[in-house]
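Engineer: below: sequence and its predicted model.
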Amino acid sequence: MLDYDKLISDRAARMRPSGIRRFFDLVAEMPECISLGVGEPDFQTPWDIRDAAINSLETGRTKYTANAGLKELRTEICAWLKRKYGIEYTENETLVTVGGSEAIDLAIRALVGPGDEVIIPEPCFVCYDPITTLTGGVPVPVATNEENEFRVTAEQIKAAITPKTKVLVLGYPNNPTGAVLRHEDLEAIAEVLRGTDIIVLSDEIYSELRYGETHESIASFEGMKERTIVVNGFSKTFSMTGWRLGYAVGPRPIIAAMTKIHQSCIMSAPTTSQYAAISALKDCEDDVEYMRKQYDLRRQYCVRKLNEMGLHTFEPKGAFYVFPNITSSGMTSDEFCEALLQKKHVAIIPGNAFGACGEGYARISYAYSIDHLREAMKRIREFLEEIRGE
Amino acid sequence: MDKMKLLDLLSEMPRATVSDLADILGEEEADVEAAKNSLEERKIICGYHTVINWDKTNVDHVDAFIGVSAKPERDRGYDKIAERIARFPEVSSLYLTSGTSEFLLSINAKTMREVADFVGEKLAPLEGVASTVTMFVLKKYKVNGVTMEIKAEVEDDRLPVSA
């Protein structure tokens, strides 16, 4: 019998397992539960986009595209980024990928080698750390906190920088906290980085899900475009998670290196999805606005309800998550979420699944209908009343 | 309170009670009630309608669209004739349109005969009506934003937990 554990490469074995995996298994055993655990929109992909995909199939667009993606799509991506955030890129500074996730993978693999350090503000999306480990790099977590609304500060970044620092990950608007960075936060961070060799991996996948102010990309700050890779995609903005389509824009030599890796392991992103994405960028402004409005209503509802029931919850200004502080329950994040699941059949994700500093919190997704959220909030309130003996 | 927010919510959830609306918006029930009443009184909210697919019942039901060519009147334009047409209870919608005929109306009746009688005895003889074109509805695919007889979309097939 082969000893498979010995066969798995050391780096693969050391990758941090996804913190949500264990919880996923628990929930899978309880199909009747009300979940608030998803990281994807509930809306159907707008019909214009689906129609464009169908048309591409009817007209026989079924072959590989250029490795970097359809030129027409890259042109539209550049136009969209300029229109939205005032950042200017050309087609050959743009790479179309299989979701934002692939773009993150490629960026880290193109830049990070053994011993190189990657600064990762936490809590955050679960892939930065394991991909860094896979390259032999060293993840350097930086803990953000509720007092500062989970915004990483320039001082924290400065303190984490060493001669080995290669990449700084900025994932804002943030999953799981919903935090955003304000203009002055970005400017202060830019000031720390200007004059260094550190590259910012700016994961802006939730950029269109901002409530109140509009999103700013760190690439738009003076001196930052040359040291920033912007990752974005279609999953969250256009409700296209299953289409698996994202992109990266950045300095041409880095995009070229990323394209080289992409060429070897992916070839090109799905052709049907690329044709659909052209329509998304051109025709779907109103759909995005509609979805944002719906999320905003739910966001305000959840923040209010959670605070009313005694779970302190800061008001997130982005994405579709709220991140309540559950310490008043006297439980850990894991205990709280498991007990809520067992007793009330409501699934939320322990905050520590997104980094150690998420302990004491839980991620609640509001990518659900308001009726679904109302039922879930009612059950969470009952749960709290029961554990407090009210 | 923000009346636009209330309108948005009511357009999504027309059946929500005042207490539901107050809960969702974080407002007092009395305030929501007052705002809703004011929107109704000012005819900003003009009604709450139920979309029924009569084809799925045993009830006799025929719908038709009728194009009506008409002459405008001095000083009152098309308003007077429109008013006369609109008052018939059989007429469910009436529009003044550009194109080949002046008016387009929709009519709900029990039988084709009833539609024919309405056109022949009430609509066509009206002073000012020059001619009519009747189009019977054979099958409905979408009514007031609600699709019918079209492949249903999946409800929610997302994984219950994802990053």
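Structural biologist: Arrived safely.
Engineer: where along the stretch 151-300 of chain A do the strands fall?
Structural biologist: Counting by DSSP state E, counting those that start in this stretch, the stretch 151-300 of chain A has strands at residues A:165-170, A:199-203, A:228-233, A:246-249.
Engineer: by mean pLDDT, which helix or strand of the chain comes out lowest?
Structural biologist: Chain wasn't specified; assuming chain A. Counting by mean pLDDT, DSSP states H and E, chain A has its least confident helix or strand at helix A:21-28, which shows a mean of 88.
Engineer: can you give me phi and psi for the residue nearest to B:Ala130 when sequence neighbours are not counted?
Structural biologist: Spatial nearest neighbour of B:Ala130, excluding adjacent residues (CB to CB, 6 or more residues apart in numbering or on different chains): B:Ser69 at 4.4 Å. No exception for glycine: its C-beta is placed from N, CA and C like everyone else's. Geometry field for B:Ser69 lists phi and psi as phi -90, psi 130, criterion degrees, to the nearest 10.
Engineer: next: B:Pro160.
Structural biologist: Dihedral angles for B:Pro160 - degrees, to the nearest 10 - are phi -70, psi -30.
Engineer: so it sits right up against A:Val38, yeah?
Structural biologist: Yes: using CB atoms under 8 Å, B:Pro160 makes contact with A:Val38 at a distance of 7.1 Å.
Engineer: now stretch B:148-163: mean pLDDT?
Structural biologist: The predicted model assigns stretch B:148-163 a mean pLDDT of 88.
Engineer: go on, stretch A:162-171?
Structural biologist: Stretch A:162-171 comes out at a mean pLDDT of 98.
Engineer: which parts of that stretch are buried?
Structural biologist: Residues of stretch A:162-171 classed as buried: A:Thr165, A:Lys166, A:Val167, A:Leu168, A:Val169, A:Leu170, A:Gly171 (neighbour count, 16 or more other CB atoms under 10 Å in any protein chain shown).
Engineer: tell me which helix or strand comes right after the helix ranked longest in chain A.
Structural biologist: In chain A, assigned by DSSP state H, the helix with the most residues is helix A:285-308. Following helix A:285-308 in sequence order, the next helix or strand is strand A:321-322 (DSSP states H and E).
Engineer: and the pLDDT for residue 4?
Structural biologist: In the absence of a named chain, chain A is used. At A:Tyr4, the pLDDT value in this model is 95.
Engineer: not quite, go with chain B.
Structural biologist: For B:Met4, the predicted pLDDT is 93.
Engineer: that one and A:Arg379, how far apart?
Structural biologist: 31 Å (CB to CB, to the nearest Å).
Engineer: B:Leu7 too?
Structural biologist: B:Leu7 is 30 Å from A:Arg379, by CB to CB.
Engineer: buried residues in stretch B:56-64, which are they?
Structural biologist: Buried residues in stretch B:56-64, counted by 16+ other CB under 10 Å: B:Val62, B:Asp63, B:Ala64.
Engineer: repeat for stretch B:14-27
Structural biologist: Counting neighbours by 16+ other CB under 10 Å, stretch B:14-27 gives B:Ala16, B:Val18, B:Asp20, B:Leu21, B:Ala22, B:Asp23, B:Ile24, B:Leu25, B:Glu27 as buried.
Engineer: and it, is it in reach of chain A?
Structural biologist: Yes: Stretch B:14-27 comes into contact with chain A when judged by CB under 8 Å from any CB of the partner chain, the residues involved being B:Asp23, B:Ile24, B:Gly26.
Engineer: start to end distance for that stretch?
Structural biologist: End-to-end distance for stretch B:14-27: 18 Å, by CA to CA, to the nearest Å.
Engineer: quick one: mean pLDDT for that stretch?
Structural biologist: Rounded mean pLDDT across stretch B:14-27 is 96.
Engineer: return the residues of the stretch 201-350 of chain A in contact with chain B.
Structural biologist: So the stretch 201-350 of chain A meets chain B at A:Lys293, A:Gln294, A:Leu297, A:Gln300, A:Tyr301, A:Arg304, A:Ala347, A:Ile349 (CB under 8 Å from any CB).
Engineer: enumerate every residue touching the second one.
Structural biologist: Under the criterion of CB atoms under 8 Å, 6 or more residues apart in numbering or on different chains, the contact partners of A:Gln294 comprise A:Phe43, B:Glu12.
Engineer: where do the helices sit along chain B?
Structural biologist: Secondary structure of chain B (DSSP H): helices at B:3-12, B:18-25, B:29-41, B:79-86, B:112-117.
Engineer: which one of those lies nearest to A:Cys33?
Structural biologist: The closest of those to A:Cys33 is helix B:18-25. By CB to CB, the value is 22.7 Å.
Engineer: tell me what the closest one is packed against?
Structural biologist: When contacts are defined as 3 or more CB pairs under 8 Å, 6 or more residues apart in numbering or on different chains; DSSP states H and E, helix B:18-25 sits against helix A:370-387, helix B:3-12, helix B:29-41.
Engineer: what angle do the shortest one and helix A:285-308 make?
Structural biologist: Which is helix B:3-12. If you take axes from the mean of the first three to the mean of the last three CA atoms, to 10 degrees, helix B:3-12 sits at 100 degrees to helix A:285-308.
Engineer: got the contact list for helix B:3-12?
Structural biologist: The contact list for helix B:3-12 (CB under 8 Å, 6+ apart) reads A:293-294, A:297, B:16, B:21, B:24-25, B:32, B:35-36, B:38-39, B:44-45.
Engineer: now the residues of stretch B:14-27 next to chain A in a markdown table, with distance to B:Ala152?
Structural biologist: Shown next, in a markdown table, are the residues of stretch B:14-27 next to chain A (distance: CB to CB, whole Å):
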| residue | distance to B:Ala152 |
| --- | --- |
| B:Asp23 | 30 |
| B:Ile24 | 27 |
| B:Gly26 | 34 |
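Engineer: which element follows the helix or strand hosting A:Val118 toward the C-terminus?
Structural biologist: Using DSSP H and E, A:Val118 maps to strand A:117-122. Next in sequence after strand A:117-122, counting helices and strands by DSSP H and E, comes helix A:128-134.
Engineer: what packs against that following helix?
Structural biologist: helix A:10-14, helix A:99-111, strand A:117-122, strand A:138-143.
Engineer: okay, and for the stretch 251-390 of chain A, where does confidence drop off?
Structural biologist: Where the stretch 251-390 of chain A drops to pLDDT under 70, the residues are A:390.
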